[in-house]
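Asker: can you look at this prediction? I've put the sequence above it.
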Amino acid sequence: MTKLSVNINKVALIRNSRGANFPDLVQVAMDCERFGAEGITIHPRPDERHARYSDVPALREVVKTELNIEGNPIPKFLDMVIAHRPHQCTLVPDAPDALTSDAGWDTLRHKDFLTQTIGALKEAGIRTSIFVDPVEKMIEGAKEVGTDRIEFYTGPYAYEFEKNRESAVSAYARCAKLATELGLGINAGHDLNTRNLNYFLTKVKNVAEVSIGHALITDALYLGLHNTILMYLNACRTGE
């Protein structure tokens, strides 16, 4: 069954807007787990506009399910990840000034860099995942660089879902089959929500984990964090 990892970046963004520790990011992470989340994700960017590098030690200490740290593997990021050894590190090729992640790795062009980076993370005992688009040659490239998992960038799927859901999901389903044949684990994330998540998991097989933040936190404003997490967990389990 697909696990739900809650990305709490937007909670950190609210905290940072007032310059104090409210809401308390660590407490929110603990509450998410108490409400049923099976993982916690943060994506500290160089400008630290939401999750901060300094959040990592405290979260690593309290997260009991799985801590997934996403980010562009610049030296500062890699040093932080290796020092605190989260359960999983997801490598994302976002520029320092990116508003949000908007593309996967070119695993062919960046083969040497990814191979070296993933090797260092795995030597530290950290499971690795890399952000990819649903393109067969990029999946094959992901296998070559030694990653444990891929994470499908699902932004295009979410954008096309309301227009033609079958067309929107087809490349992901095809590439998931290839990834499974190659022995790669599969994660997914970006713009997944209660409208499109069920369908995605029905059509795309063997997804181990989805990482959801923006939509989940937005829904929680109306429905409450506990109820919202239960809704997303149900979507992960039923595939209806």
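Answerer: Received it, and whenever you're ready, just let me know what you need. Treat the numbers as computed from the prediction; the structure is a model and nothing was measured.

Asker: quick one: the strands in the protein?
Answerer: In the chain, the segments counted as strands under DSSP state E are 3-7, 39-42, 67-71, 88-91, 127-132, 149-153, 185-189, 207-212.

Asker: quick one, which of those strands is nearest to residue 177?
Answerer: Closest of these to residue 177 is strand 185-189, at 10.0 Å (criterion: Cβ to Cβ). All C-beta atoms are positioned from the backbone trio N, CA, C, and that covers glycine.

Asker: so in that sheet, which strands flank that closest one, and in what orientation?
Answerer: strand 149-153 (parallel), strand 207-212 (parallel) (DSSP bridges).

Asker: need the strands of the chain in TSV (columns: mean neighbour count and mean pLDDT).
Answerer: As requested, the strands of the chain are exported to TSV (neighbours: other Cβ atoms under 10 Å; pLDDT from 0 to 100):
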stretch	mean neighbour count	mean pLDDT
strand 3-7	25	98
strand 39-42	26	98
strand 67-71	25	97
strand 88-91	26	98
strand 127-132	24	98
strand 149-153	26	98
strand 185-189	24	98
strand 207-212	24	98
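
Asker: as TSV, those strands with distance to residue 198 would be great.
Answerer: Shown next, in TSV, are the strands of the chain (distance: least, Cβ to Cβ, whole Å):
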stretch	distance to residue 198
strand 3-7	13
strand 39-42	19
strand 67-71	22
strand 88-91	23
strand 127-132	22
strand 149-153	16
strand 185-189	13
strand 207-212	11
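
Asker: okay if I get the strands paired with strand 185-189 as a markdown table plus distance to residue 28?
Answerer: As requested, the strands paired with strand 185-189 are exported to a markdown table (distance: least, Cβ to Cβ, whole Å):
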| stretch | distance to residue 28 |
| --- | --- |
| strand 149-153 | 22 |
| strand 207-212 | 15 |
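
Asker: just want the most central residue of this structure.
Answerer: The residue lying closest to the centre of the chain (Cα atoms, centre = their mean) is residue 211, at 4.1 Å.

Asker: start and end of stretch 3-13, how far apart?
Answerer: Stretch 3-13 stretches 24 Å from its first residue to its last (Cα to Cα, to the nearest Å).

Asker: touching that stretch from outside, list them.
Answerer: 23, 25, 28-29, 32, 36-43, 49-52, 55, 66, 68, 70, 189, 208-214, 216-218, 229, 232-233, 236 (Cβ atoms under 8 Å, 6 or more residues apart in numbering).
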